[in-house]
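Student: Below are the sequence and a predicted model; questions follow.
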Amino acid sequence: MYENCKYQLFRTALEEGAPITDENWDTIKPHLKLRHFNKGEAIIEHGQVENYLSVVAKGCVRFFVHKDGNEINFEFSFEGEFSTSYASFLSRRPSFVLMEAVEDVTLISIHYDNLQTLYKDSATGEKIGRLTTEGYYIWREHREIQLLTLSAEELYIDLLNQYPEYINRIPQKYLASYLQVQPESLSRIKRRIYSNKKRK
């Protein structure tokens, strides 16, 4: 029963793009597995090939790269969201992206080989690949537009209003990197925002 409830999150994530019939779901479900990672544990390291298309069942995953000795965080995944190094998964090449468990994490995953089996046996696998890829690139374009048009303070306010889990669950050093500011600058932004709220 526990696994069935967790697996349902994978179906829900897929159905954000289009409904999945019970027949298609019955084809997909046997290929799913639960994977567990402790807080701070690497999920994908630089140079590894991503073998799984995953949805977060529990916890938070961060995506980051190394640049000039620093970690640049550019994405986070929470419950019900896809969590995969897409370029590596699709190309079968080593990942430039690193993934790490910010909290204890459980992923619902389908292996690349099993997805290829679904591709061959039915249109179900192709549908999974199309829906997840389309969803990812829509999100990516939205994120890039935000970074180009909003200040760090505007981005923080957007997270505060629309995605409070970023504020409540992501350590400040990771959040500052995501907003492309230093931690002390983020502290000043937070003080200014909360000070303005008190005046209203």
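Tutor: On my side now, so go ahead.

Student: Which pLDDT value goes with the residue positioned nearest the centre of the chain?
Tutor: The centroid of the chain falls nearest to S77 when counting by CA atoms, centre = their mean (2.9 Å). Here the pLDDT value assigned to S77 is 93.

Student: Can we start the residue count at 25 from this point?
Tutor: Done: numbering now begins at 25, and the last item shifts to S101.

Student: Got phi/psi on K57?
Tutor: phi -140, psi 150 (degrees, to the nearest 10).

Student: For it, which non-adjacent residue is spatially closest?
Tutor: Of all residues not flanking K57 in the chain, S133 sits nearest, at 5.7 Å (CB to CB, 6 or more residues apart in numbering). C-beta here means a position set from N, CA and C on the backbone, and glycine is covered the same way.

Student: Tell me how far that neighbour lies from H55.
Tutor: Distance, S133 to H55, using CB to CB, to the nearest Å: 9 Å.

Student: ditto for N48
Tutor: 12 Å.

Student: Residues that sit against both of those two, list them.
Tutor: Common neighbours of N48 and H55 are not found (criterion: CB atoms under 8 Å, 6 or more residues apart in numbering).

Student: what's near enough to touch the closest residue in space to K53 that isn't next to it in sequence?
Tutor: Distance criterion CB to CB, 6+ apart; nearest residue to K53, sequence neighbours excluded, is Y31 at 6.0 Å. With contacts defined as CB under 8 Å, 6+ apart, Y31 is in contact with K53, L56, I132.
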